[in-house]
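S.K.: Below are the sequence and a predicted model for it; my questions follow.
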Amino acid sequence: MRHAIRAAALIFLALAASGCWDQQLLKDERNISIGGIDTASKGLIRATVSIRDILVSESGSKDTSEVHSVVARSTDHARELLDEEVSGQYSSAKMRVLLLGEGMVRTRDIMPYLDVYYRDPRSPLNARVAVAQGKAQDFIQVKMIGPKTIGLHVDDLLKSLELQSQVPRVTIQTLHPLDRGFDFSLPYLKLKEGVPKVEGIALFNGVHMTGKLNLDRSKVYMLLAGEKSKNLRLTLKIQDDDKDEGYNYTTIDILKARRKLKIHVDKGGRPRVALNVKLRVSVIEDPSNHLYKKEVLHNLEKTLIERLTKEADSVVATMQEARHDGFGIARRIMSFYPNLWRKLDWKEVYPSIPFDVSVSLDVINTGIIR
């Protein structure tokens, strides 16, 4: 009995004393908060990173940003070169945002430069991905926006716009594997007076950026794609009054949205898309202040439907011009019309596919003003 107790005690002590053999302590690492990839000469890339540090003093703590930039052959090669520059152990495990320079996404296949992230078990797969107008390096070298490092600022900026259904949430993980029946889009950022601002979304055809939408039309794109989150607010021009522009606009909140998309094939074997969106909205701002009258309210609904339908047609036209299949039309044809799909030259057919877009709208709340 004593031997059994002694053996059990030894086993317990061995388990209690054992540590994690592969542990990596945060205090020993230099973690980057934002990284960027741009093109460089001779087929090389320029990788730029911002390392977030916290300086602690008697007056309190303060965030700082340390920026490094290298020219490398690949993403992993860039990691090696950065590790040689950075004091401490370089790590991208806590990266929040990956910026891709516009020159990179327009001229090169981006997937080879993301490959290392899918193979490393400590990769930041939930890091947001966005496109930077010009060079990503210029954004990261801003270092600080107020009390925040550039990485924290861009991450919070993208997060807030995602919640408002203005841009899609795209991470390193959701980009892979690429769906050949669907094209993705990414938030598009611009530097304005030294401060990053989201200008809209970048449209992709396959792995290359081929077009973009401004922020107002990005909201309509999200609505048509069925990606509305909790909040979506639109400001639309409802009349042309030369006397005072303040009376020309109405702001609405989209409370509920139902979207239906169907593919039809005509007798000639040509696909046709029917896209129907039903909305229930609340009026947030309407300076005319006559919505208590049923006739005025019905006229407003009619005008809003006309404006939204016009905006939707414009968004679809831009998508087709960019050969961006953000609604997954190809995926549906593959699934329901496989024989037709094998005959189609999709790159040539998609830009000319007819889209029948219809919008219906009901105002269910006009606020407390009578």
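M.R.: On my side now, so go ahead.
S.K.: Given the helix or strand hosting V277, what are its sheet partners and their directions?
M.R.: Counting by DSSP states H and E, the element that carries V277 is strand 271-285. Here strand 271-285 is paired, per DSSP bridges, with strand 249-265 (antiparallel), strand 355-365 (parallel).
S.K.: Of those, which is nearest A93?
M.R.: strand 249-265 (37.3 Å; C-beta to C-beta). From N, CA and C alone the C-beta is placed, and that goes for glycine too.
S.K.: Check which residues of the closest one are buried.
M.R.: Using 16 or more other C-beta atoms under 10 Å as the test for burial, strand 249-265 gives T250, I252, I254, A257, R259, L261, I263.
S.K.: Next: stretch 91-109.
M.R.: 91-92, 95-105, 108.
S.K.: Pick the one among these closest to D120.
M.R.: Taking C-beta to C-beta as the measure, D120 sits nearest to S92 out of these, at 8.4 Å.
S.K.: from memory that closest one sits against S33, does it?
M.R.: No - with contact defined as C-beta atoms under 8 Å, S92 and S33 do not form a contacting pair (9.8 Å).
S.K.: anything in contact with each of those two?
M.R.: Residues touching both S92 and S33 (C-beta atoms under 8 Å, 6 or more residues apart in numbering): none.
S.K.: so what does the helix of greatest length in the chain touch, helix or strand wise?
M.R.: Using DSSP state H, we find that the single longest helix of the chain is helix 294-321. Packing contacts for helix 294-321, counted by 3 or more C-beta pairs under 8 Å, 6 or more residues apart in numbering; DSSP states H and E, involve strand 208-214, helix 215-224, strand 233-237, strand 249-265, strand 271-285, strand 355-365.
S.K.: Dump these into CSV; add mean pLDDT as well.
M.R.: What follows is the helices and strands packed on helix 294-321, written out as CSV (pLDDT from 0 to 100):
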stretch, mean pLDDT
strand 208-214, 97
helix 215-224, 96
strand 233-237, 90
strand 249-265, 93
strand 271-285, 94
strand 355-365, 93
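S.K.: Which among these is found nearest to L44?
M.R.: Per C-beta to C-beta, nearest to L44 of the helices and strands packed on helix 294-321: strand 208-214, 19.0 Å.
S.K.: Could you pull out the buried residues of that closest one?
M.R.: Using 16+ other C-beta under 10 Å as the test for burial, strand 208-214 gives H208, M209, T210, G211, K212, L213.
S.K.: closest to E66 among those?
M.R.: Checking those against E66 with C-beta to C-beta, the nearest one is M209 at 29.7 Å.
S.K.: Tell me who's in contact with the closest one.
M.R.: M209 sits next to E102, V105, R106, V131, L186, A202, L203 when contact means C-beta under 8 Å, 6+ apart.
S.K.: Would you mind getting the angle between the helix or strand harbouring the last one and helix 215-224?
M.R.: Element membership of L203 [criterion: DSSP H and E] is strand 195-205. Strand 195-205 and helix 215-224 meet at an angle of 50 degrees, taking axes from the mean of the first three to the mean of the last three C-alpha atoms, to 10 degrees as the criterion.
S.K.: other SSEs contacting strand 195-205?
M.R.: helix 102-107, helix 150-163, strand 185-192, strand 208-214, helix 215-224.
S.K.: which helices and strands sit right next to the last one?
M.R.: In this case it means helix 215-224. Helices and strands touching helix 215-224, by 3+ C-beta pairs under 8 Å, 6+ apart, are strand 195-205, strand 233-237, strand 249-265, strand 271-285, helix 294-321.
S.K.: got the residue ranges for the helices in the stretch 1-150 of the chain?
M.R.: For the stretch 1-150 of the chain, the helices defined by DSSP state H, counting those that start in this stretch occupy 2-17, 75-85, 102-107, 115-119, 136-140, 150-163.
S.K.: so where's the chain shaky on pLDDT?
M.R.: Residue ranges of the chain with pLDDT under 70: 1-28, 57-58, 177, 241-246, 289-290, 292, 368-370.
S.K.: Now R73: closest residue in space that isn't a chain neighbour?
M.R.: In space, and not counting its chain neighbours, R73 is closest to L44: 6.1 Å by C-beta to C-beta, 6 or more residues apart in numbering.
S.K.: what do you get for V105?
M.R.: M209 (4.1 Å).
S.K.: next one: D109
M.R.: Of all residues not flanking D109 in the chain, V207 sits nearest, at 4.6 Å (C-beta to C-beta, 6+ apart).
S.K.: count of neighbours near the nearest residue to T171 once chain neighbours are set aside?
M.R.: Distances taken as C-beta to C-beta, 6+ apart place N126 nearest to T171, at 5.2 Å, with adjacent residues excluded. By other C-beta atoms under 10 Å, 12 other residues sit near N126.
S.K.: wait, doesn't N126 sit right on Q173?
M.R.: Yes - counting by C-beta under 8 Å, N126 touches Q173, with 6.5 Å between them.
S.K.: got the contact list for the nearest residue to P124 once chain neighbours are set aside?
M.R.: Sequence neighbours aside, M95 is the residue nearest to P124 in space, at 4.1 Å (criterion: C-beta to C-beta, 6+ apart). Counting by C-beta under 8 Å, 6+ apart, M95 touches N31, I32, S33, I34, G35, P124, A127, G151.
S.K.: Before I go, just wanted to say thanks for your time.
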